[in-house]
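> When you get a sec, could you give me coordinates for this:
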Amino acid sequence: MGYETLYHCESKKDEEMVREHLWKVYGIQNTESLLEFCEREYSVHKQYEQFMTFWVKAPLFDIEELTSEGRKRFEECKKVSEQFYPILNEKGYYAWDINEKIGLCRKAVACGILSDKEFWQLTDPWVRLAQVFYHSYQEYAVSCLCGAVYFMYLGEPDLDNFFQINFNLVQHLFMEGGAWQRSQWYVPQNREWVDLLGSNPGCIITKAALERDQIGYMYREEPSKNFPDCGWRFFVGDESDEYVNQADNNCICSFNDACIIDPTILAYFYAGYGCRFGKINNRWVQEF
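Reported below is the predicted structural model:
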């Protein structure tokens, strides 16, 4: 993030050294093994998303279905992440995963495993994801540091030392003349689609919410059978009944596109049918 230049090894000997390093440390020897490692190791954001569904009382699964050992581990990890929730909210650990995956791809380019073109094709969706969740390098850095601590907690190493290493790196990027001082965070003129969910079902949203780029009220009902529907309905919150009841004032969009308007709705995806939420002081509150 912040660097537009890709680097390449100057000699075949250097290439071989980098390839050997990637193989010994990460088990990476080609594009397929690179992507497999990234998905396996750098996906702690998925765990954070699971924890969020429990924090907002819309759990992804029944915790009673876990084994006693599995439940204990899940609760421990959730407790660690919960400490970061007040400062991260829905932004989670995406920055850590993105940063590490892009870093590995840079190494793969340096030794010829990836071409420059393949690098930009692979990393573009991750950059778009960052632009959805973060609005500055400061927000990105906080998420990256929290994700680093959580990632290393899973392996139970020297957390203090590992955090300091990453903190020093972030300080270097923010110092005068550093990459995150030289470059401004890119803000797209238009909303850029990004895949937040493995599946991408439809939902219904008012035109007012789309036009004002704002969601302040939502509820979930039994999905419609007329289109691939998840049942969610989104509003600004100040539309009149007369406005909402006119079919032309409502449209179908993907749940992913709704998340781009307001990523905080992501944690509520699995809430039960009939659940209603309104936003008060920028936080979702369930209505009963």
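
> Off-centre distance for stretch 6-15?
Here stretch 6-15 is found 32 Å from its chain centre; the criterion is Cα atoms, centre = their mean, to the nearest Å.

> meant to ask about stretch 247-265
The answer for stretch 247-265 is 18 Å, by Cα atoms, centre = their mean.

> Check which residues of that stretch are buried.
For stretch 247-265, a neighbour-count test (16 or more other Cβ atoms under 10 Å) marks 250, 253-265 as buried. For the C-beta atoms, the positions are set from N, CA and C on the backbone; glycine is no exception.

> got those residues as JSON lines, with distance to Ser136, pLDDT and secondary structure columns?
Shown next, in JSON lines, are the buried residues of stretch 247-265 (distance: Cβ to Cβ, whole Å; pLDDT from 0 to 100; DSSP: H, G, I helix; E, B strand; the rest coil):
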{"residue": "Asn250", "distance to Ser136": "34", "pLDDT": "96", "secondary structure": "strand"}
{"residue": "Cys253", "distance to Ser136": "27", "pLDDT": "92", "secondary structure": "strand"}
{"residue": "Ser254", "distance to Ser136": "27", "pLDDT": "91", "secondary structure": "strand"}
{"residue": "Phe255", "distance to Ser136": "26", "pLDDT": "92", "secondary structure": "helix"}
{"residue": "Asn256", "distance to Ser136": "23", "pLDDT": "87", "secondary structure": "helix"}
{"residue": "Asp257", "distance to Ser136": "23", "pLDDT": "88", "secondary structure": "helix"}
{"residue": "Ala258", "distance to Ser136": "23", "pLDDT": "92", "secondary structure": "helix"}
{"residue": "Cys259", "distance to Ser136": "20", "pLDDT": "89", "secondary structure": "helix"}
{"residue": "Ile260", "distance to Ser136": "17", "pLDDT": "85", "secondary structure": "helix"}
{"residue": "Ile261", "distance to Ser136": "19", "pLDDT": "89", "secondary structure": "helix"}
{"residue": "Asp262", "distance to Ser136": "18", "pLDDT": "90", "secondary structure": "coil"}
{"residue": "Pro263", "distance to Ser136": "15", "pLDDT": "86", "secondary structure": "helix"}
{"residue": "Thr264", "distance to Ser136": "18", "pLDDT": "87", "secondary structure": "helix"}
{"residue": "Ile265", "distance to Ser136": "22", "pLDDT": "91", "secondary structure": "helix"}
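
> Out of those residues, which is nearest to Thr31?
Asn256 (25.7 Å; Cβ to Cβ).

> Make sure that closest one is actually in contact with Gly202.
No: the criterion here is Cβ atoms under 8 Å, and Asn256 misses it with Gly202 at 10.0 Å.

> what's the residue nearest the centre of the chain sitting at in phi/psi?
By Cα atoms, centre = their mean, the mean C-alpha position of the chain lies nearest to Tyr94, the distance being 3.9 Å. With angles defined as degrees, to the nearest 10, Tyr94 sits at phi -50, psi -40.
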